[in-house]
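*Asks:* Take a look and give me a structure for this.
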Amino acid sequence: MVERVYASGERIGVLTCEPIGHALDYLAPEGGCGDGDFVEVPLGPRKVLGVVWGKGEGSFDLAKLRAVSRVLLAAPMRAEMRTFLMRAADYTLTPLPAMLRLATRAPGLGLPPAMQRTYRLAGAVPNRLTDARHKVVEALRQMGTSPVTLAELADLADVSTSVIKGLVKLGVLAEEEAPRDLPYPGLDPARPARLVGDQIAAGAALDLAVAKGGYSTTLLKGVTGSGKTEVYLEAVAAALRRGQQALVLLPEISLTGDFLARVEQRFGARPGEWHSGMTATERRRLWKMTAEGGVQLVVGARSALFLPFRDLGLIVVDEEHDTSYKQEEGVLYHARDMAVLRAAILGCPVVLSSATPSLESWANAQSGKYARIDLGARYGVAQLPQMHAIDMRAEKLAGDRNISAPLAQAIAARIERGEQSLLFLNRRGYAPVTICRACGHHIGCDDCDARMVEHRFLKRLVCHQCGATKPIPVVCPACGVTGRMAPVGPGVERLAEEVTARFPEARLAVLSSDLFSTARALKDEIAKIAEGAADIIIGTQIVAKGHNFPLLTLVGVIDADLGLQGSDLRAAERTFQLIRQVAGRAGRAEKQGTALLQTYQPDHPVIMAILGGDEEAFWAAEAAARRAAGVPPYGRMAGIILSSPDVAQVFDFGAELARRDAPLRRIGAVVYGPAPAPIARVRGRHRVRLLVKADKTAPLQAALAAWVGQLKQPNQLRLAIDIDPQSFY
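*Replies:* Predicted coordinates:
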């Protein structure tokens, strides 16, 4: 893409974040401007942020065009970034202004260099402080060395500014003038690495990929605790030695505390952070420093992919299989796939790291599209956990009990030895599933291969693939036992009550992302648990995400079957990944761990694969089943989500869309639905889904655009297109 410069008064196209859908024509300002410049432009009575996107279209009367108000003092958006946004918009069928909004999520982008007043801990903290003053001190401790303004500190601590100023007068806090946006401390890639065994060859291979330059994708697969992080940090070191920047994506904010400490140990300083828990001051600083080359390594959540790196030489996607990389609201994109796209445009390597890779990445490695590196052993003296199933059909638990006798005995033994136990709830947003507690049977749809799920308000079972419904049976159709059909799975609170009743002396911690108001509070709780502050931990899927608890030697999976019951085509894959990952939390230090799986289906192929540990056989079997069904990664799918306050309107619109399927039939695609979404009403809006299935090589995006473009949407109706859907809620 050739970068052009425009003289004052010349017609230019400016893309804004406003929902207009395309660039608007303006006149270049006095002094001119160039492609990629960040500008402020008048739009109606307002002035809005925009980016010079190229020459103007020329269809609007030149005499009536308004001029750009000013060029902002920010590094221009690079050509590769503009290309990335356009190609990502085309792939996801997202309006380009919405994509631009992802790339400009930092306040005050055009502010000139200036000083700002910040606050830090300065003197000794008195033993006796008011609650409000104590909250300020704790907030600053959590922020570490990050600069914090008066307004931000008051917001973080939830106190008035007078409380902060009082601490300054006491000498507990220092108030000082500091430059608004400073470069980050330099990282030293020459510091020695500590690789052993398989890690040495793996690190050398990634080092070579970075040194060669050019695009490549490598799947780094290693058992939990095998040292994958240390290996891909070698690739980061190689990029830094070349004077380039690196980006490491993590699936959850809670991972960054442990990871930042590892980076500091390896390179002598901390990298830049990018996630929702940052202050506005830090967001602006990091955004500017990525564009100016003032930060070498950024560690962040999925949105860090849209930062304006000046010279990005490596992208790492850690835990690449994790479903949180898929954004499910607003712009619907998968960060793993977009990372590969951005790396291809940049011409740089990307590393996908996981103990349990997605089937998409496994298949790409099998076909030779991706390189693959395997780490087969745990680091140091740590051993992989022993894994056993508990057949719940033989346990005869009372209706209010969820912990079997064998699991309770194992927990008691750990408490006696001063070790930790983790009870894992497979809560993944699936609708409640009705199974027979006598035989483990669950109800399938008569018209397709999907499982049926319970809609409590309807008091019926519904297939979310085709929309078929049936009453919840009283008698199990498989074994004929009456009165044993029940929705499976306890809630976190109910399980906590049971643990407290059975182990009253044990210290209990509950890890569920919805129980913590801030990401920092969650990180603090995880750190306390790692230091031994709990005997029993109850956790949802967040505990499967790479945390290291040295004292944890027992993992009990309360409802191993639950993930297998949904109509999701990835149900088996995700259950396999999740349980293997959570089992990997046990025995990461000197003592070997044990994982116990409570299951009503011990003979299920997925449960047997988890216990047997033959991962390659599982992936091969899952791949064969997907290939036969023509579904991803061997076919293409798109979800259409309709919502409206008017239930009749949303169903009528969905039915009319399904009838007008000619653009899809022309490429051999098939439409399923409309069917009520598993979560049928959200914030007063009724939700309906359609599913489109096509061959892998079909030009799906163009056909979808033509298909939905046939109908004019009613004002209250919203339509979202989800390319490669990861969930079907």
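
*Asks:* and I607, that's in a helix?
*Replies:* Yes - with DSSP: H, G, I helix; E, B strand; the rest coil as the criterion, I607 is assigned to a helix.

*Asks:* What about it, how many residues nearby?
*Replies:* Number of residues near I607 (other Cβ atoms under 10 Å) recorded here: 21. Every C-beta, even on glycine, is put in place using the N, C-alpha and C of the backbone.

*Asks:* Please name the residues that touch the residue lying closest to it once chain neighbours are set aside.
*Replies:* With Cβ to Cβ, 6 or more residues apart in numbering as the criterion, I607 has its nearest non-adjacent residue at 5.4 Å, and that residue is T599. Residues counted as contacts of T599 (Cβ atoms under 8 Å, 6 or more residues apart in numbering) are A389, I390, D391, M392, A560, D561, I607.

*Asks:* if you set the cut-off to 10 Å instead, what comes out?
*Replies:* 389-393, 440, 557, 559-562, 564, 579, 606-607, 610-611 (Cβ atoms under 10 Å, 6 or more residues apart in numbering).

*Asks:* Excluding chain neighbours, what is closest to R681?
*Replies:* Excluding the flanking residues, the one nearest R681 by Cβ to Cβ, 6+ apart is R687, at 6.6 Å.

*Asks:* hey, where'd the helices end up in the stretch 301-450 of the chain?
*Replies:* In the stretch 301-450 of the chain, the helices defined using DSSP state H, counting those that start in this stretch lie at 335-346, 359-366, 405-417.

*Asks:* Figure out which of the ones you listed is closest to W707.
*Replies:* Checking the helices of the stretch 301-450 of the chain against W707 by Cβ to Cβ gives helix 335-346 as the closest, at 22.4 Å.

*Asks:* how many neighbours does L611 have?
*Replies:* L611 has 18 nearby residues by other Cβ under 10 Å.

*Asks:* What strand or helix carries it?
*Replies:* Element membership for L611, per DSSP states H and E: helix 605-612.

*Asks:* Mind giving me the packing neighbours of that helix?
*Replies:* Secondary-structure packing of helix 605-612 (3 or more Cβ pairs under 10 Å, 6 or more residues apart in numbering; DSSP states H and E): strand 386-391, helix 571-583, strand 594-599, helix 615-629.

*Asks:* and if we set it to 6 Å?
*Replies:* When contacts are defined as 3 or more Cβ pairs under 6 Å, 6 or more residues apart in numbering; DSSP states H and E, helix 605-612 sits against helix 571-583.

*Asks:* Contacts for the helix it packs on next, please.
*Replies:* With contacts defined as Cβ atoms under 6 Å, 6 or more residues apart in numbering, helix 571-583 is touched by 321, 356, 359, 385, 387, 424, 544, 555, 557, 563-564, 595, 606, 610, 622.

*Asks:* Now it: average pLDDT?
*Replies:* In this model, helix 571-583 has a mean pLDDT of 80.

*Asks:* ditto for stretch 310-328
*Replies:* 93.

*Asks:* Quote the end-to-end distance of it.
*Replies:* End-to-end distance for stretch 310-328: 29 Å, by Cα to Cα, to the nearest Å.

*Asks:* Please apply the same query to stretch 105-120.
*Replies:* End residues of stretch 105-120 are separated by 26 Å (Cα to Cα).

*Asks:* Give me the buried positions along that stretch.
*Replies:* Buried positions in stretch 105-120, judged by neighbour count with 16 or more other Cβ atoms under 10 Å: A106, G108, L109, T118, Y119, R120.

*Asks:* and the helix or strand harbouring R117, how far from the chain's centre?
*Replies:* Per DSSP H and E, R117 falls inside strand 115-121. In terms of Cα atoms, centre = their mean, to the nearest Å, the centre of strand 115-121 is found 33 Å from the chain centre.

*Asks:* Touching that strand from outside, list them.
*Replies:* Applying Cβ under 6 Å, 6+ apart, the contact partners of strand 115-121 are L140, P147, V148, L153, L173, A174, E175, E177, A178, R180.

*Asks:* For the second one, give its distance to P45.
*Replies:* Put plainly, it is P147. 35 Å (Cβ to Cβ, to the nearest Å).

*Asks:* The residue nearest to R681: how many residues sit nearby?
*Replies:* The burial count for R687: 19, using other Cβ under 10 Å.

*Asks:* With L167 instead?
*Replies:* Residues lying near L167 (other Cβ under 10 Å) number 26.

*Asks:* a helix runs through it, doesn't it?
*Replies:* Yes - according to three-state DSSP, L167 belongs to a helix.

*Asks:* surely it meets A174?
*Replies:* No - with contact defined as Cβ atoms under 6 Å, L167 does not reach A174; the gap is 9.8 Å.

*Asks:* what's the burial count for M608?
*Replies:* By the criterion of other Cβ under 10 Å, M608 has 14 neighbours.

*Asks:* Does the closest residue to it other than its chain neighbours fall in a helix, a strand, or a coil region?
*Replies:* Distance criterion Cβ to Cβ, 6+ apart; nearest residue to M608, sequence neighbours excluded, is P602 at 7.8 Å. Here P602 takes the coil state, with states given by three-state DSSP.
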